[in-house]
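Trainee: Just a sequence and a predicted model for now, questions to come.
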Amino acid sequence: MHLEKSIELYTKGQKNLVGAVNSPVRAFKSVGGFPVFIDHAKGSKIFDVDGNEYIDLVLSYGPMILGHRHEKVERSIKKALKKGYSFGASTNKEIKLAKMVCDAFPGMDKVRFVNSGTEAVLSAIRLARAYTGFNKIIKFSGCYHGHMDALLVAAGSGLATLSLPGSAGVPDEAVKNTLIAEYNNLDSVQKHIDENQDIAAVIIEPIAGNMGVIEPSQEFIQKLRSITQEKGILLIADEVMTGFRSKFGGAQELLGIQADITCLGKVIGGGFPVGAYGARNEIMEMVAPLGAMYQAGTLSGNPIAMAGGIATLKELKKQNPYKAFNKKADKIKNMLLSAAEKHGVALQVNHFGSMINPFFTDKTVTDFSSAQSCNTDSFKVFFWQMMEHGVFLPPSQFEAWFLSSALSKKDLKNIEIAIDIAMAKVSEKQIEKK
């Protein structure tokens, strides 16, 4: 595995790009070494500037669900490009994609397109506050909802931990209305509700994909929905990652709940920058120009992003790949557990639909605290071995792997071979440390 050109670009990029990257995880700090720079991709494969070929299990962190450069999506994008790149005015494609999204989510009557998941979440929070007249929100430790000030908070170990800024530049005042609860712990939510009468919303990743893939217990998610309804607190589902990933629609329906506001992104743009938030009429009609909650964006509803999203959702509906995703994820899970057992490595594997994540721990992972028990040194070894043997993974123990419908039987076989080699190396390094 040669990385000379990636190292050269990383060195060159230090001059004018912050850390030579445009998003921190791309710097590979949590796995060590130098970041890989990508040249091109097609189908299930991604290729770096040094010519290394990988089976892609990052998929731009989710949106490339059909694989890279799917012919129908690419054809739609090229057709849209010929008409213009951006107008700052309305187009028919926005209406088409809005209908497709609303039809896929029960209880969603209207949607507003924005440019990123972060923008979708900050708009949803503002909308919840405008609708309820309250300011406080509850979020869960380990759930990431973009980099807005109010949600960049660090949680301690107590049930009623005070919110502390999780980033320099975030003032205490920005997070004073943010309350931290523990994922899969209803008591931590109830305590905040009992102590605060001015909570506008609870925001949650229905499947937590930013501390690995963690599923809520049925009791937790059902009672969370019941409590919020009883108290008139809006439930915001951040489905930026899970939207259209486990079914044609959202994870909410699979979990048997219906949020008041849903945030989307990734898949609905077909690989282009996009975000969205939607809800029933009485909530969405608070948004300008119908109501007093202001939110705007010159590039919102960009025609190229809309074209990519429409083509992606049309093809997803035609393919209906979700049963196949579950089968492939089960196979990869079994590969991981079998290799771990063979080589004496402690491992837990969580998956939901087309999202999967191995945790180097012997503890069941149900929340941020148990996720943090993982052996991140073992993950570093595993990560680089997988890369060296042709499998592109997220450079973090706490990022989900994603599957695409382009993943072939041959790809799965090559993944299995890489996993066995990587797990053997993890075992070897663990023995050396003892």
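Mentor: Received, thanks.
Trainee: ranges for the helices of the stretch 101-250 of the chain?
Mentor: Remark: helices assigned in the stretch 101-250 of the chain by DSSP state H, counting those that start in this stretch are 117-132, 172-175, 186-195, 218-231.
Trainee: okay, these, which one's buried deepest?
Mentor: Mean neighbours per residue, mean count of other C-beta atoms under 10 Å, is largest over these for helix 117-132, with a mean of 24. In this view, the C-beta of every residue, glycine as well, is placed from N, C-alpha and C.
Trainee: and that one, what other elements does it pack with?
Mentor: Packing partners of helix 117-132 (3 or more C-beta pairs under 8 Å, 6 or more residues apart in numbering; DSSP states H and E): strand 110-114, strand 136-140, strand 199-204, strand 234-238, strand 261-265, strand 275-279, helix 281-284.
Trainee: again, 7 Å this time
Mentor: Applying 3 or more C-beta pairs under 7 Å, 6 or more residues apart in numbering; DSSP states H and E, one finds that helix 117-132 makes contact with strand 199-204, strand 234-238, strand 261-265, strand 275-279.
Trainee: what angle separates the third one from helix 117-132?
Mentor: Direction vectors for strand 261-265 and helix 117-132, defined by axes from the mean of the first three to the mean of the last three C-alpha atoms, to 10 degrees, enclose an angle of 170 degrees.
Trainee: Could you work out which of the helices and strands packed on helix 117-132 reaches nearest to Ala174?
Mentor: Ala174 lies closest, by C-beta to C-beta, to one member of the helices and strands packed on helix 117-132: strand 199-204, at 15.5 Å.
Trainee: So which residues make contact with the closest one?
Mentor: For strand 199-204, the surrounding residues in contact (C-beta atoms under 7 Å, 6 or more residues apart in numbering) are 125, 128-129, 132, 134-140, 143, 145, 189, 192-193, 224, 228, 233-238.
Trainee: Compile the helices and strands packed on helix 117-132 into TSV and extend it with columns for mean neighbour count and distance to Asp377.
Mentor: Below are the helices and strands packed on helix 117-132 laid out as TSV (neighbours: other C-beta atoms under 10 Å; distance: least, C-beta to C-beta, whole Å):
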stretch	mean neighbour count	distance to Asp377
strand 199-204	26	31
strand 234-238	27	30
strand 261-265	29	32
strand 275-279	28	35
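Trainee: need those in CSV with mean pLDDT and distance to Met64, can you?
Mentor: Output for the helices and strands packed on helix 117-132, formatted as CSV (pLDDT from 0 to 100; distance: least, C-beta to C-beta, whole Å):
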stretch, mean pLDDT, distance to Met64
strand 199-204, 98, 25
strand 234-238, 98, 20
strand 261-265, 98, 13
strand 275-279, 98, 17
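Trainee: Pro106 reaches Ile257, doesn't it?
Mentor: No: the pair Pro106 and Ile257 does not pass the contact test of C-beta atoms under 7 Å, sitting 10.4 Å apart.
Trainee: When those two are compared, which one has more neighbours?
Mentor: Just comparing Pro106 and Ile257: by other C-beta atoms under 10 Å the higher neighbour count belongs to Ile257, 21 against 11.
Trainee: what's the neighbour count on the closest residue to Glu315 other than its chain neighbours?
Mentor: Nearest in space to Glu315, with sequence neighbours left out and distances taken as C-beta to C-beta, 6 or more residues apart in numbering, is Lys72 at 5.4 Å. Neighbour count of Lys72, defined by other C-beta under 10 Å: 14.
Trainee: before we move on, back to that, would a markdown table of the helices and strands packed on helix 117-132 with distance to Leu97 be doable?
Mentor: Shown next, in a markdown table, are the helices and strands packed on helix 117-132 (distance: least, C-beta to C-beta, whole Å):
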| stretch | distance to Leu97 |
| --- | --- |
| strand 199-204 | 24 |
| strand 234-238 | 19 |
| strand 261-265 | 11 |
| strand 275-279 | 9 |
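Trainee: Out of these, the one nearest Gly297 is which?
Mentor: Set against Gly297 and scored by C-beta to C-beta, those come closest in strand 275-279, at 9.5 Å.
Trainee: Paired strands for that closest one, with orientation please.
Mentor: Sheet partners assigned to strand 275-279 using DSSP bridges are listed as strand 110-114 (antiparallel), strand 261-265 (antiparallel).
Trainee: Give me the below-cutoff pLDDT ranges for the stretch 1-150 of the chain.
Mentor: Applying pLDDT under 70 to the stretch 1-150 of the chain flags no residue at all.
Trainee: ok, which stretches of it are strands?
Mentor: For the stretch 1-150 of the chain, the strands defined by DSSP state E, counting those that start in this stretch occupy 38-42, 45-48, 53-56, 110-114, 136-140.
Trainee: Contacts made by the first one with the rest, please.
Mentor: To tie it back to what came earlier, the one meant is strand 38-42. Residues contacting strand 38-42 (C-beta under 7 Å, 6+ apart): Ile46, Phe47, Asp48, Val49, Asp56, His68, Arg69.
Trainee: Same question for stretch 118-127.
Mentor: Residues outside stretch 118-127 that contact it (C-beta under 7 Å, 6+ apart) are 114, 137, 145-148, 150-151, 201, 236, 238, 240, 261, 263-265, 275-277, 283, 286-287, 293, 295.
Trainee: switch to 8 Å and redo it
Mentor: 112, 114, 137, 145-148, 150-151, 200-201, 203, 236, 238, 240, 261, 263-265, 275-277, 279, 283-284, 286-287, 293, 295, 297 (C-beta atoms under 8 Å, 6 or more residues apart in numbering).
Trainee: before we move on, the earlier item: would you list the strands paired with strand 275-279 in JSON lines and tack on distance to Met335?
Mentor: Shown next, in JSON lines, are the strands paired with strand 275-279 (distance: least, C-beta to C-beta, whole Å):
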{"stretch": "strand 110-114", "distance to Met335": "38"}
{"stretch": "strand 261-265", "distance to Met335": "30"}
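Trainee: which SSE is Phe419 in?
Mentor: Just to correct that, residue 419 is Ile rather than Phe. helix 409-433 (DSSP states H and E).
Trainee: May I see the buried residues of that helix?
Mentor: For helix 409-433, the neighbour count (16 or more other C-beta atoms under 10 Å) marks 411-412, 414-416, 418-423, 425-427, 429-430 as buried.
Trainee: quick revisit: got a markdown table for the strands of the stretch 1-150 of the chain, with mean neighbour count too?
Mentor: Compiled in a markdown table, the strands of the stretch 1-150 of the chain are given as follows (neighbours: other C-beta atoms under 10 Å):
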| stretch | mean neighbour count |
| --- | --- |
| strand 38-42 | 15 |
| strand 45-48 | 20 |
| strand 53-56 | 22 |
| strand 110-114 | 23 |
| strand 136-140 | 24 |
